[in-house]
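1. fold the following for me, if possible:
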Amino acid sequence: MPTPMVSPPRPQESPTQGTSNISLSSRMLYLQGGPGMRCQSPQMYPVTHLILEKGYQMLYLDQRGTGLSSPITASTLQMRGTNDVQAKYLKLYRADSIVRDCEAIRKVLTADYPEEKKKWSVMGQSFGGFCILSYLSFFPEGLRESFLFGGLAPITAGPDEVYRRLYNKLIQRNEAYYNKYPEDHPQLPQTFRRRQNQASFRREPHPSSLPHAGTYVRLPRRT
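-> Residues are numbered from 1 along each chain as shown. Model (predicted):
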């Protein structure tokens, strides 16, 4: 089940008796990037302070399969059965199911609210922005306003053209960097190889992994 974490309003904005007195127009649901990443504690997000100062109450949702919401792993997935069964099960973790969870939570929280106050605000980062596009498609009537950053999916075509343009942009940005800092060119490959050697020595599962679980991506330079 999806599990939300609540960041309450600041003291001067707190209701006098129970959360039912909070105007829903001040509630903001945060959808984490990923997919497959849990929400951190609210205080770990720099934006939390800003949003609270604006008078919102923040809700952070551990989306399906992440964090406190019955996380799915390679081992738990294998217990589901054959590859076809696993694929069918994974379809339940897509953005359309995530926004249905959001709507179910919204309806529970607003059961006693007048109709004009049942909408809420949503904010999405990266994959969370993708989810908001699904939210706007499936349940626009539940949204008061939407904020997307770093997560606008292609809405007129598939992602292939987007990635092709991204690769070209990355190459251009790398060339611009090396033109500005030519002295870094021999150092970065050495850093990359040193990290690979360290990972191999430690027998890490991903030789090019970074401390925060990311990976190196090495693009060839154009000549």
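2. nearest spatial neighbour of the most centrally placed residue in the chain, skipping sequence neighbours?
-> Nearest residue to the geometric centre of the chain (Cα atoms, centre = their mean): residue 33, 1.1 Å. In space, and not counting its chain neighbours, residue 33 is closest to residue 126: 3.0 Å by Cβ to Cβ, 6 or more residues apart in numbering. Bear in mind the C-beta positions are built from the backbone N, C-alpha and C, glycine included.
3. OK, contacts around that neighbour?
-> Applying Cβ atoms under 8 Å, 6 or more residues apart in numbering to residue 126 gives the contacts 33-34, 150-151.
4. try it again with 7 Å
-> Residue 126 makes contacts with 33, 150-151, as judged by Cβ atoms under 7 Å, 6 or more residues apart in numbering.
5. how is this protein divided into domains?
-> Per the record, the chain has its domains at 3-149, 156-223, by automatic domain parsing.
6. for the record, mean pLDDT for the last one?
-> This predicted structure assigns domain 156-223 an average pLDDT of 72.
7. all the strands of the protein, residue numbers only.
-> Assigned strands in the chain, in chain order: 3-7, 27-31, 57-62, 120-125, 143-149 (criterion: DSSP state E).
8. CSV for those strands, including distance to residue 76?
-> Listed next are the strands of the chain as CSV, based on distance: least, Cβ to Cβ, whole Å:
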stretch, distance to residue 76
strand 3-7, 17
strand 27-31, 23
strand 57-62, 16
strand 120-125, 26
strand 143-149, 31
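9. any idea which of those strands is most buried?
-> Taking mean count of other Cβ atoms under 10 Å as the contact definition, the stretch among the strands of the chain with the greatest mean neighbour count is strand 27-31, which reaches a mean of 25.
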